[in-house]
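**Student:** Just to be clear, the model below is a prediction. Sequence and coordinates:
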Amino acid sequence: MIKAVLIEKTEAGHHAALTELADDALPEGDVTVAVSYSTLNYKDALAITGKGPVVRQFPMVPGIDFAGFVETSRHPDFKAGDSVVLNGWGVGESHWGGLAQKARVNGDWLIPLQAPFTAAQAMAIGTAGYTAMLCVLALERQGVTADQGEILVTGAAGGVGSVAVAVLAKLGYRVVASTGRAAEAPYLRSLGASEIIDRATLSAPGKPLARERWAGAIDTVGSHTLANVCAALRYGATVAACGLAQGMDLPLTVAPFILRGVTLAGVDSVYRPIAQRREAWARLARDLDIDKLAAITGTIPLSEVVPAASRMLAGQVRGRLVVDVN
Ligand code: NDP
């Protein structure tokens, strides 16, 4: 038997709880992984609480990422004992996920654990941190460099935001962190933020164009915040957009695009080709301080996942939550 979080939808409604499953209940797949650690991402919180349409079929084991070692494999690239990591691919949405002691998946979705990270550190980074690095890479691809000016990170005290702040600061950028939690200012400064701004200055409807300020931005929030970020990008600057913590809407005009030539770079982590995943993980190994990673991370057992999901959607989780499934 394996312990797992299971989401069910019955006539009584949406229900998520810790349960025990037989090994043979696991779905089809050519690699079975003994999970060491999983994490709680925003998307997992939406799935577990039922507050977002994340789960495509029920019952579902949530968990969009995990790290562990291969127990059995029929895939040519993996053998028993290999340390592996999975992010995305619809796992935890349409295929049973990582918030369980075992997972059975398609081996094409796995990548080897990136040295020098341990499984716990890889999950401290998790999908949120890997997405933060994809955003940094998107800025770099658009020619954003540290000497151009200030970089804004929104949702800065969250998982994606915390890793983004730490990585950008290490790369020499002057990072401005937007947060709704003034009490987290010392935390954000410890990660390398030069300035903290109140997210309320970005979250209300604004003008089509504002004073040019940001040489680049990473937005995890969407809605009016992203519209206001676009309005205040400097000429030719780029915002990498990956999230919707404020909302899925995007009430903006074309003014920043046609008058300032700015770029809105969308970032998806779920269906990234393997080569780009490996690049992002290799860059995390180079550009994320392990000490800062430790400061970003809290760890909970599988039994605390369901209440933690509600705290996450209420904006009460700082940084990253690793789940020790064993
Ligand atoms: P977290 O919950 O850890 O962080 C989200 C942060 O957003 C919060 O900590 C808070 O930061 C801020 N926030 C919350 N509510 C609001 C609001 N109403 N208005 C403005 N800001 C708000 O989540 P993650 O970091 O894991 O994920 C962030 C976003 O990125 C999510 O929307 C998630 O779905 C998305 N994401 C997308 C991926 C992709 O592939 N595109 C992959 C991973 C994540 P603070 O307290 O500092 O204000």
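**Tutor:** Great, that's in hand. Residues are numbered from 1 along each chain as shown.

**Student:** Find the closest residue to the ligand in this structure.
**Tutor:** Gly158 (1.9 Å; Cβ to the nearest ligand atom). Yep, even glycine has a C-beta here, placed from its N, CA and C like the rest.

**Student:** and that residue, what does it touch?
**Tutor:** Contacts of Gly158 were listed using Cβ atoms under 8 Å, 6 or more residues apart in numbering, and they are Tyr42, Ala128, Thr220, Ala245, Gly315, Val317, Arg318, Gly319.

**Student:** What separation do you get for it and Val91?
**Tutor:** Computed as Cβ to Cβ, to the nearest Å, the Gly158 to Val91 distance reads 21 Å.

**Student:** all helices of the protein, in order?
**Tutor:** Listed in chain order, the helices of the chain (DSSP state H) span 42-49, 119-141, 159-170, 185-191, 200-203, 223-231, 255-260, 274-287, 290-296, 305-313.

**Student:** Just say which of those helices is most tucked in.
**Tutor:** Highest mean neighbour count among the helices of the chain (mean count of other Cβ atoms under 10 Å): helix 159-170, with a mean of 28.

**Student:** Just list what it packs against, helices and strands only.
**Tutor:** helix 119-141, strand 150-153, strand 174-179, helix 185-191, strand 214-219, helix 274-287, helix 290-296, strand 320-324 (3 or more Cβ pairs under 8 Å, 6 or more residues apart in numbering; DSSP states H and E).

**Student:** before we move on, the earlier item: which members of the contacts of Gly158 are classed as buried?
**Tutor:** Neighbour counting by 16 or more other Cβ atoms under 10 Å classes Tyr42, Ala128, Thr220, Ala245, Val317, Arg318, Gly319 among those as buried.

**Student:** Could you save these as CSV and add columns showing pLDDT and distance to Leu6?
**Tutor:** Formatted as CSV, these follow (pLDDT from 0 to 100; distance: Cβ to Cβ, whole Å):
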residue, pLDDT, distance to Leu6
Tyr42, 93, 20
Ala128, 94, 23
Thr220, 98, 28
Ala245, 94, 26
Val317, 92, 22
Arg318, 93, 27
Gly319, 93, 27
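
**Student:** near the ligand too, which of those?
**Tutor:** Restricting these to those within reach of the ligand (Cβ under 6 Å from any ligand atom) leaves Tyr42, Ala128, Thr220, Ala245, Val317.

**Student:** Is it possible to get CSV of the residues you listed that adds distance to Leu209?
**Tutor:** Putting these into CSV (distance: Cβ to Cβ, whole Å) gives the following:
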residue, distance to Leu209
Tyr42, 30
Ala128, 31
Thr220, 23
Ala245, 24
Val317, 35
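
**Student:** farthest-separated two in those?
**Tutor:** Thr220 and Val317 (13.2 Å; Cβ to Cβ).

**Student:** is the ligand contacted by stretch 305-315?
**Tutor:** Yes. Counting by Cβ under 6 Å from any ligand atom, the ligand is contacted by stretch 305-315 at Met312, Gly315.

**Student:** average pLDDT for that stretch?
**Tutor:** For stretch 305-315, the mean per-residue pLDDT is 95.

**Student:** Stretch 198-213 too?
**Tutor:** For stretch 198-213, the per-residue pLDDT averages 98.

**Student:** so how far is the first residue of it from its last?
**Tutor:** One end of stretch 198-213 to the other measures 16 Å (Cα to Cα, to the nearest Å).

**Student:** Show me what from the stretch 1-150 of the chain comes close to the ligand.
**Tutor:** Contacts of the stretch 1-150 of the chain with the ligand, taken as Cβ under 6 Å from any ligand atom, map to Asn41, Tyr42, Lys43, Thr127, Ala128, Thr131.

**Student:** The fourth one and Val317, how far apart?
**Tutor:** Thr127 sits at a distance of 14 Å from Val317 (criterion: Cβ to Cβ).

**Student:** Bridged to Gly247, which residues?
**Tutor:** Beta-bridge partners for Gly247, by DSSP bridges, are Gly222.

**Student:** Output the set of residues of the stretch 151-300 of the chain in proximity to the ligand.
**Tutor:** When proximity is defined by Cβ under 6 Å from any ligand atom, the stretch 151-300 of the chain lies next to the ligand at 155-161, 179-181, 199, 203, 220-221, 225, 242-246, 267-270.

**Student:** In contact with the nearest residue to Asp289 once chain neighbours are set aside: list those residues for me.
**Tutor:** Excluding its sequence neighbours, the residue lying closest to Asp289 (Cβ to Cβ, 6 or more residues apart in numbering) is Lys170, at 6.1 Å. Applying Cβ under 8 Å, 6+ apart to Lys170 gives the contacts Gly192, Asp287, Leu288, Asp289, Lys292.

**Student:** and the fourth one, what are its phi and psi?
**Tutor:** Read that as Asp289. Asp289 adopts backbone torsions of phi -70, psi 130, taken as degrees, to the nearest 10.

**Student:** Could you shift the numbering so residue one becomes 16, and keep it that way?
**Tutor:** New numbering, starting at 16: the last item is Asp304.

**Student:** Next one: it, what pLDDT does it get?
**Tutor:** At Asp304, the predicted lDDT confidence score is 95.

**Student:** Walk me through the domains of this protein.
**Tutor:** For the chain, automatic domain parsing gives the domain ranges 17-128+311-339, 141-281.
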